[in-house]
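Student: no sequence for this one, just the structure:
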């Protein structure tokens, strides 16, 4: 089972987003048969079996083993990954394009950069999985609290300058056998944590 699988096909994305099928995917973190899933999810076995076949058709679940019980063969399924990410490639016609309106201070542009990150790294992961290789990447995740908007702007300017210096130092357009890498640095406000609903309550407005 993969840690993360990237869904690139529109039909597979549609299958994963179906409420019942997403529940089945979550339940199949632990392998099970249609009968076992029906009990876990409180659904008719026939309905579970139908959705399992659709998820298998799109490569989201796979047959783990077959168990013989008398005259019946029980098919045990498992999810192909612990979690899934839908690539913007699945919505290619309407996916955001960061080259369209570059603006370092635009939240929409930052979102477009993030979408391209998911798409490109997802493509690399899919290809690497086929040949059983790792993808060479590097990431930094940090949180900084600014005293003022002026401090935030000063930080952003220093960060941009530092990145420009490093890129200028190491970029070699003519390096034989060199490989291009993309560097993305983003800064955004951290959303406030949402309160946990009390027992017996839901999040409906």
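Tutor: Everything's here; your move. Owing to the predicted nature of the structure, the values given are computational and were not obtained by experimental measurement.

Student: ok, and the closest non-adjacent residue to the residue nearest to the spatial centre of the chain?
Tutor: With distances taken as CA atoms, centre = their mean, residue 85 lies nearest the centre of the chain, 2.4 Å away. Counting by CB to CB, 6 or more residues apart in numbering, residue 85 lies nearest to residue 6, which is 5.2 Å off, once chain neighbours are set aside. Just so you know, the C-beta spots here come from the backbone N, C-alpha and C atoms, and that holds for glycine as well.

Student: again with residue 67
Tutor: Nearest one to residue 67, counting by CB to CB, 6+ apart, is residue 74 at 4.4 Å.

Student: can you get me a residue count around the one you found?
Tutor: 14 (other CB atoms under 10 Å).

Student: other residues contacting the helix or strand hosting it?
Tutor: In the assignment (DSSP states H and E), residue 74 maps to strand 72-79. With contact meaning CB atoms under 8 Å, 6 or more residues apart in numbering, strand 72-79 is reached by 1, 25, 28-35, 52, 56, 60-68.

Student: now these: which count as buried?
Tutor: 25, 28, 31, 32, 33, 34, 52, 56, 60, 61 (16 or more other CB atoms under 10 Å).

Student: in a markdown table, list these along with secondary structure and pLDDT.
Tutor: Converted to a markdown table, those look like this (DSSP: H, G, I helix; E, B strand; the rest coil; pLDDT from 0 to 100):
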| residue | secondary structure | pLDDT |
| --- | --- | --- |
| 25 | helix | 93 |
| 28 | coil | 93 |
| 31 | coil | 93 |
| 32 | strand | 93 |
| 33 | coil | 93 |
| 34 | helix | 93 |
| 52 | helix | 94 |
| 56 | helix | 95 |
| 60 | coil | 94 |
| 61 | strand | 94 |
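
Student: need the per-residue pLDDT for residue 154.
Tutor: For residue 154, the model assigns a pLDDT of 96.

Student: tell me who's in contact with it.
Tutor: No contacts exist for residue 154 under CB under 8 Å, 6+ apart.

Student: from residue 106, how far off is it?
Tutor: 19 Å (CB to CB, to the nearest Å).

Student: name the residues of stretch 78-96 that are buried.
Tutor: So, applying 16+ other CB under 10 Å, buried residues of stretch 78-96: 78, 79, 80, 81, 84, 86, 87, 88, 89, 90, 96.

Student: for stretch 49-56, that is, sorry about that
Tutor: Buried-residue list, stretch 49-56, by 16+ other CB under 10 Å: 51, 52, 54, 55, 56.
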